[in-house]
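# Sequence first, then the predicted structure:
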Amino acid sequence: DVPERFAVIFPGAQLGYRRWSTDKYAVICDYLYDHYQLNTLIVGGRDDARLASRIIRHATSGPTDVTGKTALHQLPGLFSKAFLIITNDTIAAHIGAAVDTPTIVLSQLNHYGRFVPYPGELANHHICIIPEKYQSFPKADLAYQFRDGSRVNINLITVEQVNQAIDQLLFVNHVST
């Protein structure tokens, strides 16, 4: 029972330092609603309910919390109906790619190049965002430097970077108001 037009926010990650700020996710929820009239579903496991409640508390657009209400095997069906998925570097990124839904992955460079960013034609609607100060580095250098992990602060990724990626994906995929 989901809205007709919606985006998915998947704020969880196993390790806390790999989770983008709930305050920033709240701003993104409002941006999606204000600019694209997209409702937001916050998706994740039961353990992500506290993240969802923080996002909802700070967002004015009324995101819907479905954390803990969707089994893993149901995620592909749900994600395939979404206009957009925004997630930390987790399984949600890979499910988004598998069902061909525009996806924005927020990466703090952990094992960069192993899975994300996706290559070639997938990159047209599967954007991997990394902190701005690392964007000028060659991808091969980043893959080498962070092949064994990363402690880069994911919150160096800005709301503006995510908004730009949203605009790029939704314009490319003709999701307009």
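Looks like it came in fine. Just so we're clear, the structure is a prediction, and the values are computed from it rather than from any experiment.
# what about Cys14, is that helix, strand or coil?
Heads up, residue 14 is Gln, not Cys. Assigned with DSSP: H, G, I helix; E, B strand; the rest coil, Gln14 falls in the coil class.
# Now do the closest residue to it other than its chain neighbours: how many residues are near it, please.
In space, and not counting its chain neighbours, Gln14 is closest to Thr90: 7.8 Å by C-beta to C-beta, 6 or more residues apart in numbering. The way it works is simple: take the backbone N, C-alpha and C, and place the C-beta from them, glycine included. Neighbourhood size, Thr90 [other C-beta atoms under 10 Å]: 18.
# do the same with His73
Applying other C-beta under 10 Å, we find 7 residues neighbouring His73.
# looking at this, it is in a helix?
Yes: His73: assigned to a helix according to three-state DSSP.
# Name the surrounding residues that touch stretch 18-29.
Applying C-beta atoms under 8 Å, 6 or more residues apart in numbering, the set of residues contacting stretch 18-29 from outside is 9, 11-13, 40, 51, 54-59, 61, 63, 86, 88-90, 106, 108, 110, 154-155, 157, 159, 162-163, 166.
# Go through that stretch and flag the buried ones.
Across stretch 18-29, burial judged by 16 or more other C-beta atoms under 10 Å covers Arg18, Arg19, Trp20, Ser21, Thr22, Lys24, Tyr25, Ala26, Val27, Ile28, Cys29.
# Tabulate these (JSON lines), appending pLDDT.
Converted to JSON lines, the buried residues of stretch 18-29 look like this (pLDDT from 0 to 100):
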{"residue": "Arg18", "pLDDT": "92"}
{"residue": "Arg19", "pLDDT": "95"}
{"residue": "Trp20", "pLDDT": "97"}
{"residue": "Ser21", "pLDDT": "97"}
{"residue": "Thr22", "pLDDT": "97"}
{"residue": "Lys24", "pLDDT": "98"}
{"residue": "Tyr25", "pLDDT": "98"}
{"residue": "Ala26", "pLDDT": "98"}
{"residue": "Val27", "pLDDT": "98"}
{"residue": "Ile28", "pLDDT": "98"}
{"residue": "Cys29", "pLDDT": "98"}
